[in-house]
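>>> Fold the following.
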Amino acid sequence: MLGRSWFPRWSAGLAEVETARRLAAIMAADIVGYSRLMEANEERTLASLRQLRHEFFDPAVAKHRGRIFKTIGDGFLVEFGSVIDATRCAMEVQGGMPHRNEALPEDRHIKFRVGLHVGDMIVEGDDIYGDGVNIAARLEGLAAPGGIACSAAVRDHVGHKLDIDFVDQGEKAVKNIAQPLHVYFVGPVRAEEHAPFPAHRGKPTIAILPFANMSSDAEQEFFSDGITEDLITDLSKVSGLQVLSRNTVFTFKGKAQNLQQTARQLGVEYLVEGSVRKAGSKVRITAQLIEGATDHHLWAERFDRDLTDIFAVQDEITKTIVAQLRVKLLPDERAAIEDAPTQNIEAYTAFLKGKQIFRVGTRQSLVRARQMYARALELDPSYAMAYVGLANCASYLKSFHGFDITADEILATIDKALRINPALAEAHAARGIVFAIDDRREESIAAFRKALESDPNNWEATYHFGRFYFTIGDFQSALALFLRAMELQPEDYESVTFLSMTLEALGRRAEGVTYAQIAVKRAKQALSQTPENPRPAQLLANIHAYLGERQHAEAWIKRAFEIDPDDNHVRYNAACVYSMLGEFDKAFDLLDIWVHHAARDSKLWFLSDPDFTALRRHPRYADLLKQIEGVVGR
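This is a model prediction of the structure:
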């Protein structure tokens with residue numbers, strides 16, 4: 001349950017309305033065609049609405065522990081302390097209305113549209129307002145008559161706890177909300193063959209499934225993955241399309257596909273699948289565009305080319321998909337798609353290898369990825385994204401593993417990328433990370449904001465901006481950014497883990513536990529995809545310790561150490577685990593080693609970390625603080 005932690009206070013006979021914030025679930029419900037019903041017979045419509053509320057709507061809200069805090073003529077705003085309660089109420093309302101309308105002629109049917117959102121709300125007296133309420137109202141406007149639309153945050157909260165489907169509608173730009181909303185339609189689970197495909201509402205929705213590696217060398221997997229990612233990136237530049245993220249589609253990698261079922265599960269109208277065969281200087285790429293509802297191939301092509309033509313092939317595939325879906329390609333979008341990152345295929349290959357290795361996340365993999373990015377730059381010194389990759393490797397090695405790399409060295413690398421492409425969002429995000437590591441706060445804020453101005457949907461900038469605010473103890477700002485990061489990458493486990501920690505730091509444990517449970521599922525999925533990465537295992541240990549599940553916590557931290565026994569970040573998270581389990585000496589023994597290899601930002605993070613709340617009362621804490629030179633007086 002999400003806690004109701006605020007009540008109005010009265011003093012000296014005068015009402016003093018206190019303003020507070022809390023996480024709440026909001027249901028926005030609106031009557032379809034209300035003006036038409038009123039014009040036809042105002043008295044009858046009002047009487048029907050009063051009866052509906054008395055007999056059905058209000059009791060349903062009360063049954064699920066909701067509170068109607070605002071009525072707006074033909075609509076209602078309802079607050080719930082639990083996302084599950086809000087979703088059940090919405091399902092009961094929409095499921096019960098057809099029965100109530102049975103005896104009435106079609107032109108007198110009362111139908112609702114419903115929107116559901118969960119987020120940080122501003123509470124003032126009996127009223128609730130802020131972006132969270134506005135988002136619920138905008139979601140309601142996207143729902144079909146009799147239907148429910150919800151945000152990604154609601155979808156994540158509910159997970160598999162209820163017997164319902166979530167149909168992914170992609171991102172939608174809505175009025176008066178700065179960032180696009182990731183929207184899902186909600187409905188009862190039906191047999192697969194009868195489950196509906198998403199209606200075409202505005203932009204076509206499409207998923208690029210991971211291209212299969214058909215090369216004889218299994219190590220060429222990075223190349224087929226790179227082709228997939230580049231197609232996702234290029235199609236995402238087309239404003240007339242809704243394209244699913246890499247994190248979402250790569251959960252289907254290596255799995256046998258029933259394409260109709262996959263399209264239904266992803267909630268998209270169209271799929272792209274294909275394969276890559278690389279042999280020497282030659283490459284064969286096949287690609288097919290498929291209509292999800294019918295499994296009908298709208299287009300298929302095979303390209304047998306020299307490797308040097310790889311970018312031309314990607315451009316051709318992208319433009320053909322856009323043409324087949326009858327989407328208008330704007331001049332600046334065409335230019336962005338045609339702008340190849342490099343003309344050197346060897347540099348491109350080295351860059352793709354670097355990206356693949358970087359995702360492993362260990363100290364050794366960061367060193368190897370750094371070498372691959374450096375190799376790409378030897379081959380093409382004008383490869384902007386390779387400079388960004390090189391800089392991010394250095395930042396992670398400095399921050400997580402205590403490598404002796406100066407901030408100025410890393411910034412000089414990023415400046416080379418920005419001289420090539422001044423608007424490159426990834427480069428500005430990389431600057432924000434470096435400034436955060438070096439505790440240059442104003443510069444870090446400016447860099448992250450610049451990144452998000454260039455690309456409001458950039459996950460790296462959003463996530464690391466949230467980490468920056470957590471590090472300096474501004475948990476309210478961190479909360480908003482981690483919520484946004486969850487929206488941008490629905491399968492990411494790190495942002496939801498740190499969102500849970502942020503809520504704990506704000507004293508909102510009940511809400512933090514809800515997100516922690518989501519994080520467990522996501523981290524396990526991430527570990528299954530990259531079992532050589534200790535990061536998901538250590539965060540799983542942390543989450544289970546936070547939830548008081550000792551056996552699971554100890555097992556996962558043991559797994560993290562088995563993956564990389566020398567990882568200083570594993571030491572830190574193990575200390576977090578032992579602190580929460582009350583084994584303080586074990587925690588201090590690890591921290592005494594960790595502190596000698598920790599960068600400045602890691603030490604600042606330690607000072608804000610709610611995992612060490614109990615530890616700070618221990619006599620050994622003062623000795624540890626002495627080792628964190630220059631940070632205590634922040």
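>>> can you tell me the helix or strand for the residue nearest to residue 213 when sequence neighbours are not counted?
With CB to CB, 6 or more residues apart in numbering as the criterion, residue 213 has its nearest non-adjacent residue at 4.1 Å, and that residue is residue 224. C-beta coordinates here come from the backbone N, C-alpha and C atoms, glycine included. Using DSSP states H and E, residue 224 falls within helix 221-236.
>>> after that helix, next one along is what?
Following helix 221-236 toward the C-terminus (DSSP H and E): strand 242-243.
>>> ok, that next one: who's next to it in the sheet?
strand 205-208 (parallel) (DSSP bridges).
>>> which outside residues touch the partner strand?
168-170, 198, 228, 231-232, 235, 241-244, 248-249, 262-263, 266-272, 321, 325 (CB atoms under 8 Å, 6 or more residues apart in numbering).
>>> before we move on, back to that, next one: the helix holding residue 224 to chain centre, how far?
19 Å (CA atoms, centre = their mean, to the nearest Å).
>>> What residues does residue 435 make contact with?
By CB under 8 Å, 6+ apart, the neighbours of residue 435 are 407, 441, 443-444, 447.
>>> so which of the residues you listed is the most crowded?
The most crowded member of these, judged by other CB atoms under 10 Å, is residue 447 (27 neighbours).
>>> Please report how far that one lies from residue 464.
10 Å (CB to CB, to the nearest Å).
>>> Same check on residue 111?
Separation of residue 111 from residue 464 (CB to CB): 44 Å.
>>> Of the two, which one has the most company?
residue 464 (23 against 16).
>>> just to revisit the earlier point, give the other helices and strands that the helix holding residue 224 contacts.
Here helix 221-236 touches strand 205-208, strand 212-213, strand 242-243, helix 246-249, strand 270-279, helix 310-324, helix 345-358, going by 3 or more CB pairs under 8 Å, 6 or more residues apart in numbering; DSSP states H and E.
>>> ok, 7 Å please
On a contact count with 3 or more CB pairs under 7 Å, 6 or more residues apart in numbering; DSSP states H and E, helix 221-236 meets strand 205-208, strand 212-213, strand 242-243, strand 270-279, helix 310-324, helix 345-358.
>>> and those, which one's lowest on average pLDDT?
Averaging pLDDT over each of these singles out strand 242-243 as the lowest, with a mean of 79.
>>> before we move on, back to that, for residue 383, state which of the contacts of residue 435 is nearest.
Residue 383 lies nearest to residue 447 out of the contacts of residue 435, by CB to CB, at 21.2 Å.
>>> ok now do that closest one, which residues does it touch?
428, 431-432, 435 (CB atoms under 7 Å, 6 or more residues apart in numbering).
>>> With just CA atoms, put the helix or strand where it lies into CSV.
Residue 447 belongs to helix 441-454 when elements are defined using DSSP H and E. The C-alpha coordinates for helix 441-454 follow below in CSV (Å, rounded to 0.1, in the frame of the first residue of the first chain):
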residue,chain,number,x,y,z
ARG,A,441,27.7,20.9,-9.4
GLU,A,442,26.6,23.9,-11.4
GLU,A,443,28.6,22.7,-14.4
SER,A,444,27.0,19.2,-14.1
ILE,A,445,23.5,20.6,-13.9
ALA,A,446,24.1,22.8,-17.0
ALA,A,447,25.5,19.9,-19.0
PHE,A,448,22.7,17.5,-18.2
ARG,A,449,20.1,20.2,-19.0
LYS,A,450,21.9,20.8,-22.4
ALA,A,451,21.7,17.1,-23.1
LEU,A,452,18.0,16.9,-22.4
GLU,A,453,17.4,20.1,-24.5
SER,A,454,19.1,18.3,-27.4
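>>> just checking, what packs against whichever helix or strand comes after it?
Remark: after helix 441-454, the chain's next helix or strand is helix 459-471, criterion DSSP H and E. Applying 3+ CB pairs under 7 Å, 6+ apart, one finds that helix 459-471 contacts helix 425-437, helix 441-454, helix 475-488, helix 494-505, helix 600-608.
>>> can these go into JSON lines with extra columns for distance to residue 148?
Output for the helices and strands packed on helix 459-471, formatted as JSON lines (distance: least, CB to CB, whole Å):
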{"stretch": "helix 425-437", "distance to residue 148": "34"}
{"stretch": "helix 441-454", "distance to residue 148": "30"}
{"stretch": "helix 475-488", "distance to residue 148": "18"}
{"stretch": "helix 494-505", "distance to residue 148": "23"}
{"stretch": "helix 600-608", "distance to residue 148": "38"}
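>>> Pick the most buried one from those helices.
helix 425-437 (a mean of 26; mean count of other CB atoms under 10 Å).
>>> average pLDDT for it?
95.
>>> repeat for stretch 129-141
Averaging pLDDT along stretch 129-141 yields 87.
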